[in-house]
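> After the sequence you'll find the predicted model.
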Amino acid sequence: MKTKSGKLWIFVGLTLTLAAVLLLFGMTSAAAPPDDLPTAAHPKVKAAIAVQEAVTPNLMALENILGTAVGMDDSGEAHLTVYVNEHGREMAETVKSLPKTIKGLRVAVEVTEPFRAMAAAVTADAPHTAKQAAPIQLGTSGGWRLDLANGYCCGGTLGSLVQVNGTQYVLSNYHVLEADIVSGGNGHVALTGDNVIQPGLIDVRCNAGGAQNVATLVKLSSLPGSNVDAAVAQVSPGMVRTDGSIIDIGMISGQTVTPALKRAVKKSGRTTGLTRSTISGLNATISVAYENECAGGAAFTKTFTGQIVIANKGSRFLNSGDSGSLLVEDAANNPRAVGLLYAGSNTTAIANPIGQVLAFLGSKLGGTATMVGN
């Protein structure tokens, strides 16, 4: 999620009829592996994903359905989670219309706010919003230097450090660094070579003079075409710690880890700082709405697939302005990256799997993208 000095302008719409018919498909059973952290390859999870992928197109056609994912209860049984818009018209009727099971796979309904990538301003405290002495740590407030329009200014989180062909880049989200694609509100659009600042405009009262240039944007345009919300800025010499240290986390591992249900995770972000949670869903299909500049109104709605879901009760794990934070395993030293956080609701946070992000960056930058860490 991205912070904006102003009101929430988020539209996540599903307009098709409740009359769509669910396709029913069978499941297979298999013995669980000894690992108590089931990945998408776990037999029960894999079987549930087969059902999920078969029925999700029909579910997403229903009014008020925001997405689906595969989860697992405390007894080790996989289930299908269906996310329902709590603000939707006749929401209760939508919930009643959903089946309790699909060929033995339990359907768990989660009523939630629409998933949002941008949100109204939320107060946050130092050190994540303070102007740092260079070279800076990441997990900090930051953004595009010109990210203001229509009386508002915006910002998010500069999450981590990646490297391609020996060049270091700050990793964040498309909607944090390069979402301005129209010149109407401020006379500018985001371009390669634009300055990226720390802290973001939202934390210097919309006056870029109170921030510092730490990197230059390399415009990759991950959205709307790809399946990740990612952006990078090439590090300016001497402005970012070369070891990729993140506030309250420190240095991370250069290795990544496969998402798994019930895996303990943490992140360091602009608004909520260092927070911890667990992965509650895999292979999520989620719809998120985007704007085309700060406070620019609806631009497009993107449906992501294969996403990671993290428990976010009361927005205590992820909140406005935390977009761009790196999701890592909850290890004391050199945690491995799991995903890139970019959206959420009052119950649920969403991350791109880090493998998808690195593959996208490598293809765009002409090399192999790796996390900077030990």
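Structure received. Residues are numbered from 1 along each chain as shown.
> Do you have the helices of the stretch 151-300 of the chain handy? List them.
For the stretch 151-300 of the chain, helices defined by DSSP state H, counting those that start in this stretch occupy the ranges 174-177.
> same question but for the stretch 1-150 of the chain, I mixed them up
43-60, 91-97.
> Nearest to Gly306, out of these?
helix 43-60 (9.7 Å; Cβ to Cβ). The way it works is simple: take the backbone N, C-alpha and C, and place the C-beta from them, glycine included.
> that older thread, redo the helices of the stretch 1-150 of the chain as TSV? Include mean neighbour count and distance to Ser221.
Formatted as TSV, those follow (neighbours: other Cβ atoms under 10 Å; distance: least, Cβ to Cβ, whole Å):
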stretch	mean neighbour count	distance to Ser221
helix 43-60	20	25
helix 91-97	14	35
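> For Ile247, find the nearest of these.
helix 43-60 (33.5 Å).
> related to what we said a few turns ago, so which of the helices of the stretch 1-150 of the chain comes closest to Tyr342?
Closest to Tyr342 of those, according to Cβ to Cβ: helix 43-60, at 19.2 Å.
> name the helices or strands packed onto that closest one?
strand 65-72, strand 78-85, strand 273-291 (3 or more Cβ pairs under 8 Å, 6 or more residues apart in numbering; DSSP states H and E).
> among the helices of the stretch 1-150 of the chain, which is nearest Gly185?
Nearest to Gly185, of the helices of the stretch 1-150 of the chain and by Cβ to Cβ, is helix 43-60 at 31.5 Å.
> Identify the residues contacting stretch 240-250?
Stretch 240-250 is touched from outside by 127-128, 134-140, 159-161, 168, 170, 214-215, 251-252, 266, 268, 273-274, 326, 328, 333-335, 371-373, with contacts defined as Cβ atoms under 8 Å, 6 or more residues apart in numbering.
> what about Leu220, neighbour count?
The tally of other residues near Leu220 (other Cβ atoms under 10 Å) stands at 20.
> Run through this structure and note the low-pLDDT ranges.
For the chain, the stretches with pLDDT under 70 are 3-35, 118-122.
> care to break it down by domain?
Taking automatic domain parsing as the reference, the chain has its domains at 124-235, 264-355.
> With distance to Thr242 as extra columns, can I get those domains in JSON lines?
What follows is these, written out as JSON lines (distance: least, Cβ to Cβ, whole Å):
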{"stretch": "domain 124-235", "distance to Thr242": "7"}
{"stretch": "domain 264-355", "distance to Thr242": "16"}
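> circling back to that earlier point, now for the helices of the stretch 1-150 of the chain, which one comes closest to Pro237?
helix 43-60 (45.4 Å).
> Report the angle between that closest one and strand 78-85.
30 degrees (axes from the mean of the first three to the mean of the last three Cα atoms, to 10 degrees).
> Just list the residues touching Phe317, thanks.
Going by Cβ under 8 Å, 6+ apart, Phe317 touches Lys267, Thr272, Thr275, Arg276, Ser277, Ile310, Ala311, Gly344, Ala349.
> hmm, try it at 7 Å
Thr272, Thr275, Ser277, Ile310, Ala311, Ala349 (Cβ atoms under 7 Å, 6 or more residues apart in numbering).
> what residues are up against the closest residue to it other than its chain neighbours?
What sits nearest to Phe317 in space, not counting adjacent residues and going by Cβ to Cβ, 6 or more residues apart in numbering, is Ser277, at 4.2 Å. Ser277 makes contact with Val265, Ile310, Ala311, Asn312, Phe317 under the criterion Cβ under 7 Å, 6+ apart.
> Enumerate the beta-bridge partners assigned to Ser277.
Note on Ser277: beta-bridge partners Val265, judged by DSSP bridges.
> Likewise for the one 10 residues further on?
Note on Ser287: beta-bridge partners Thr303, judged by DSSP bridges.
> right, and the helices of the stretch 1-150 of the chain - which one's nearest Ala233?
Nearest to Ala233, of the helices of the stretch 1-150 of the chain and by Cβ to Cβ, is helix 43-60 at 33.7 Å.
> so how far is that closest one off the chain centroid?
How far helix 43-60 lies from its chain's middle: 22 Å, per Cα atoms, centre = their mean, to the nearest Å.
> tilt between it and strand 65-72?
170 degrees.
> which of the contacts of Phe317 has the most neighbours?
Neighbour max across the contacts of Phe317 (other Cβ under 10 Å) = Ala349, 30 neighbours.
> mind checking the SS state of that residue?
strand (DSSP: H, G, I helix; E, B strand; the rest coil).
> cool, and the one 10 residues further on?
Secondary structure, three-state DSSP: Ala359 is helix.
> Tell me how far it lies from Gly366.
Counting by Cβ to Cβ, to the nearest Å, the gap from Ala359 to Gly366 is 13 Å.
> one step back: now the two most distant members of the contacts of Phe317.
Thr272 and Ala311 (13.7 Å).
> rewinding a little: now for the domains of the chain, which one comes closest to Ala40?
domain 264-355 (5.3 Å).
> got a list of what the spatially closest residue to Thr348 that is not a sequence neighbour touches?
The shortest distance from Thr348 to any residue other than its chain neighbours is 5.2 Å, reached at Asn312 (Cβ to Cβ, 6+ apart). Taking Cβ under 7 Å, 6+ apart, we find Asn312 in contact with Ser277, Leu318, Gly344, Thr347, Thr348, Ala349.
> Quick check: of these, which lies closest to Thr285?
Thr348 (13.0 Å).
> Wait, that closest one touches Pro114, no?
No - shown here, Thr348 and Pro114 do not form a contact pair, counting by Cβ atoms under 7 Å, at 10.8 Å.
> And these two? Which one has more around it.
Using other Cβ under 10 Å as the criterion, Thr348 and Pro114 rank with Thr348 on top: 28 against 23.
> Please enumerate the strands of the stretch 201-350 of the chain.
Per DSSP state E, counting those that start in this stretch, the stretch 201-350 of the chain carries strands over the ranges 212-218, 231-235, 264-269, 273-291, 298-311, 326-329, 337-344, 348-353.
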